[in-house]
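> no sequence on this one, just coordinates:
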């Protein structure tokens with residue numbers, strides 16, 4: 001029987017007041033302005049926009065009123081819309097950030113099923129493991145994009161093909177959504193442990209939800225279109241593939257630009273198996289923002305372009321991140337801690353490219 005690895009702990013050599021001060025200032029901001037840290041009117045409008053777009057695009061495809069090339073464009077547009085639902089609705093709700101009412105978060109967290117993904121598995125892999133052990137090899141499985149193919153950690157074995165990874169990794173990102181729908185959730189659900197965490201036995205209801213939701217998704221996006229559209233089975237398959245390739249590229253790029261860019265670190269536990277930094281300080285070293293002044297990035301990315309604030313305050317709705325980012329940045333500077341950010345999406349993308357190139361050549 002596999003014994004679970006002892007839990008890694010954060011034991012700073014020198015305690016930092018950073019998080020206590022930041023949390024106090026953020027709490028004061030909401031109190032002084034009489035604001036709730038959860039969704040406001042603008043957030044609800046944004047959520048309805050993307051959810052409505054999903055229904056509209058899916059309905060237009062099933063209407064069977066368009067030519068094959070238009071249908072293909074609609075499929076690509078639906079893929080982008082689905083990714084945006086994940087960023088803007090599912091993500092906040094699954095963190096409990098959308099509403100103060102747990103039933104609202106559960107309801108909106110169910111929008112994850114619209115992606116063909118499983119909310120329960122996501123909470124285990126993302127909310128618990130990734131947010132706690134960010135960028136720590138062997139613990140954070142989010143940095144294992146394609147083990148053996150993509151090298152994002154200098155501790156990983158360097159292979160000859162990694163020399164070209166800055167070129168082939170981006171096409172691999174397009175497979176992220178397809179892998180999620182067809183493979184990833186099943187693999188994670190039935191693993192003995194995720195990272196170094198050995199979860200307790202899954203509730204029986206989660207087995208039912210996993211298989212029923214996946215079956216319904218395959219019916220809605222493969223069987224139903226094949227039955228109602230004047231398209232051959234292979235054309236339906238191409239549309240399904242285009243939708244997921246588009247969705248996967250958006251998902252892959254947005255998530256990677258937050259942790260796999262120049263300047264972010266991949267800490268190694270000490271001889272006793274611990275990280276010699278406070279958890280919040282660790283987040284500053286392993287996380288980066290991008291395009292912080294872009295209204296378009298804020299609208300599309302659901303706060304994931306302000307990943308520092310999200311990692312420090314995952315239960316605060318991302319609609320408030322622009323306001324609290326000034327507090328976080330100022331406090332980090334006062335405590336002589338880094339606050340990493342790329343000024344634009346393009347500069348973050350270039351930084352990610354350079355990091356891939358560097359890690360493909362050095363040990």
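Yep, it's here. Being a predicted model, the structure only gives us computed values, none of them experimental.

> quick one: the helices in the stretch 101-250 of the chain?
With DSSP state H, counting those that start in this stretch as the criterion, the stretch 101-250 of the chain has helices at 102-109, 119-122, 131-132, 165-173, 176-179, 185-190, 204-218, 224-228, 233-256.

> of those helices, which shows the lowest average pLDDT?
Note on the helices of the stretch 101-250 of the chain: lowest mean pLDDT is at helix 131-132, with a mean of 87.

> turn the helices of the stretch 101-250 of the chain into a markdown table, columns for distance to residue 158 and mean neighbour count.
Every residue, glycine included, has its C-beta placed from N, CA and C. Shown next, in a markdown table, are the helices of the stretch 101-250 of the chain (distance: least, C-beta to C-beta, whole Å; neighbours: other C-beta atoms under 10 Å):
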| stretch | distance to residue 158 | mean neighbour count |
| --- | --- | --- |
| helix 102-109 | 39 | 15 |
| helix 119-122 | 31 | 21 |
| helix 131-132 | 28 | 18 |
| helix 165-173 | 10 | 17 |
| helix 176-179 | 24 | 21 |
| helix 185-190 | 25 | 16 |
| helix 204-218 | 37 | 14 |
| helix 224-228 | 44 | 15 |
| helix 233-256 | 20 | 20 |
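
> and those as JSON lines, adding distance to residue 29?
Shown next, in JSON lines, are the helices of the stretch 101-250 of the chain (distance: least, C-beta to C-beta, whole Å):
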{"stretch": "helix 102-109", "distance to residue 29": "22"}
{"stretch": "helix 119-122", "distance to residue 29": "29"}
{"stretch": "helix 131-132", "distance to residue 29": "22"}
{"stretch": "helix 165-173", "distance to residue 29": "36"}
{"stretch": "helix 176-179", "distance to residue 29": "35"}
{"stretch": "helix 185-190", "distance to residue 29": "37"}
{"stretch": "helix 204-218", "distance to residue 29": "37"}
{"stretch": "helix 224-228", "distance to residue 29": "47"}
{"stretch": "helix 233-256", "distance to residue 29": "26"}
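
> out of the ones you listed, which is closest to residue 270?
Residue 270 lies closest, by C-beta to C-beta, to one member of the helices of the stretch 101-250 of the chain: helix 131-132, at 17.2 Å.

> now for the closest one, which elements pack on it?
Under the contact criterion of 3 or more C-beta pairs under 8 Å, 6 or more residues apart in numbering; DSSP states H and E, helix 131-132 touches no helix or strand at all.

> neighbouring contacts of it?
Here helix 131-132 makes contact (C-beta atoms under 8 Å, 6 or more residues apart in numbering) with 139, 279, 311, 314.

> re the thing from before, and the helices of the stretch 101-250 of the chain: which comes nearest residue 19?
Nearest of these (C-beta to C-beta): helix 131-132, 14.0 Å.

> and the helix or strand that contains residue 49, what does it pack against?
Residue 49 belongs to helix 41-62 when assigned by DSSP states H and E. In terms of contacts (3+ C-beta pairs under 8 Å, 6+ apart), helix 41-62 is packed against helix 68-85, helix 224-228.

> winner for burial among the ones you listed?
Comparing those by mean neighbour count (mean count of other C-beta atoms under 10 Å), helix 68-85 ranks first with a mean of 20.

> could you point out which element follows that one?
helix 91-94.

> other residues contacting that following helix?
39, 43, 98-99, 104-109, 111-112, 119, 122-123, 126-127, 302-304, 317-318.

> one more: stretch 258-276?
With C-beta under 8 Å, 6+ apart, stretch 258-276 has contacts from 6, 8-13, 134-137, 142-143, 152-155, 277, 282, 285-290, 304-305, 307, 338, 340, 342, 348, 351-352, 354-356.

> show the buried residues in those residues.
8, 10, 134-137, 142-143, 152-153, 277, 282, 285-290, 304-305, 307, 338, 340, 342, 348, 351-352, 355-356 (16 or more other C-beta atoms under 10 Å).

> just the ones of those in helices?
282, 285, 286, 307, 348, 351, 352, 355, 356 (DSSP state H).

> the fourth one reaches residue 288, doesn't it?
Same thing as residue 307. Yes. If you go by C-beta atoms under 8 Å, residue 307 and residue 288 touch, sitting 6.8 Å apart.

> can you tell me the centre-most residue of this structure?
residue 255 (5.0 Å; C-alpha atoms, centre = their mean).

> enumerate every residue touching it.
So residue 255 contacts 142, 304 (C-beta under 8 Å, 6+ apart).

> and residue 253, by the same measure?
When contacts are taken as C-beta under 8 Å, 6+ apart, residue 253 is in contact with 170, 173, 349.

> would you mind putting those into CSV with distance to residue 270 alongside?
What follows is the contacts of residue 253, written out as CSV (distance: C-beta to C-beta, whole Å):
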residue, distance to residue 270
170, 35
173, 33
349, 34
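
> what's the spacing between residue 118 and residue 353?
31 Å (C-beta to C-beta, to the nearest Å).

> neighbour count: the two, which is higher?
residue 118 (24 against 16; other C-beta atoms under 10 Å).
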